[in-house]
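Engineer: give me the fold of what follows.
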Amino acid sequence: MRRYAFIDVQNTESTAQQFCGFSIDWKKLYDYLHDERWSCDKIFYYTGIETGDDALASEFENLTKQHGCVVRAKPVFLFKRKGKTVHINCIKCQEENVSVVEMGYDRKANCDVELTIDVLENTTAEPEVELLIFTGDGDFEPLIRKVADIAKKVYIISNTKKFEVAGFIKTRFSSKLKKLLEDREDKVFFINVDNLKNRIKRDLP
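Structural biologist: Below is the predicted model:
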């Protein structure tokens, strides 16, 4: 049995930090996937690296050179969020004042295309392979639905916790993926990344 792992680093890291309370050690994750239960033949990482983040760049460089992982890395870009228009009436004169509140920036390094191509190429080249896909991003639902018809099994590794923040429900796991798990329970399975915490968490300095 051949197994391949595809790791959406940004999505998986933010899920672990925000919903499970730990940061991931990517070398420990490699050890877990390669040497233990799963014995993955190929492990792919998809990540953004900010300029000047030499520690993270070195971490993924070592995974490539010393352990043979495939790392698809892109520089991180800052994208300005659209400002929020706020209308406030003056208490004294009731005159309406309009102002724009700056909403900050998002950091983006989209590797979705690279992950999609690698999954398709490796699945069609070796039908009956097992796939482990680390993401909660619903953009990958069509991809996973398609390869579920080819691969023997597909595992989605993420977390389904929900929190209410200012009246909004916050989650890192897409409803599209949840529906996919229901539709293809014969082929697509869920693994809670929180259950891996003791094996893959980064040690505090």
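Engineer: where does pLDDT dip in this protein?
Structural biologist: The chain contains residues with pLDDT under 70 at 76-81, 83, 86-87, 91, 99-109, 164-169.
Engineer: pull the contacting residues for the spatially most central residue of it.
Structural biologist: Nearest to the geometric centre of the chain sits Asn11, at 2.5 Å (C-alpha atoms, centre = their mean). Contacts for Asn11 (C-beta atoms under 8 Å, 6 or more residues apart in numbering) come out as 134-137, 158, 172. No exception for glycine: its C-beta is placed from N, CA and C like everyone else's.
Engineer: what strand or helix carries it?
Structural biologist: In this structure, Asn11 is located in helix 9-15 according to DSSP states H and E.
Engineer: please save the CA atoms from that helix in PDB.
Structural biologist: Included here for helix 9-15 are C-alpha records, laid out as PDB according to Å, rounded to 0.1, in the frame of the first residue of the first chain:
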ATOM      1  CA  VAL A   9       0.700  24.500   5.900                       C
ATOM      2  CA  GLN A  10      -1.100  27.800   6.400                       C
ATOM      3  CA  ASN A  11      -4.500  26.300   6.900                       C
ATOM      4  CA  THR A  12      -3.300  23.500   9.100                       C
ATOM      5  CA  GLU A  13      -1.100  25.700  11.300                       C
ATOM      6  CA  SER A  14      -3.900  28.300  11.800                       C
ATOM      7  CA  THR A  15      -6.300  25.500  12.700                       C
END
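Engineer: just to revisit the earlier point, among the contacts of Asn11, which ones are buried?
Structural biologist: Under a neighbour-count criterion of 16 or more other C-beta atoms under 10 Å, the subset of the contacts of Asn11 counted as buried comprises 134-137, 158, 172.
Engineer: which of the contacts of Asn11 fall in helices?
Structural biologist: In helices, defined here by DSSP state H, there are no members of these.
Engineer: redo those as a markdown table? Include distance to Ala55.
Structural biologist: Written out in a markdown table, the entries for the contacts of Asn11 read as follows (distance: C-beta to C-beta, whole Å):
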| residue | distance to Ala55 |
| --- | --- |
| Phe134 | 21 |
| Thr135 | 24 |
| Gly136 | 25 |
| Asp137 | 25 |
| Ser158 | 25 |
| Arg172 | 24 |
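Engineer: specify which member of those is nearest to Lys152.
Structural biologist: Nearest to Lys152 among the contacts of Asn11, counting by C-beta to C-beta, is Phe134 at 18.4 Å.
Engineer: so that closest one makes contact with Gln10?
Structural biologist: No - with contacts defined as C-beta atoms under 8 Å, Phe134 does not count as touching Gln10, sitting 10.6 Å away.
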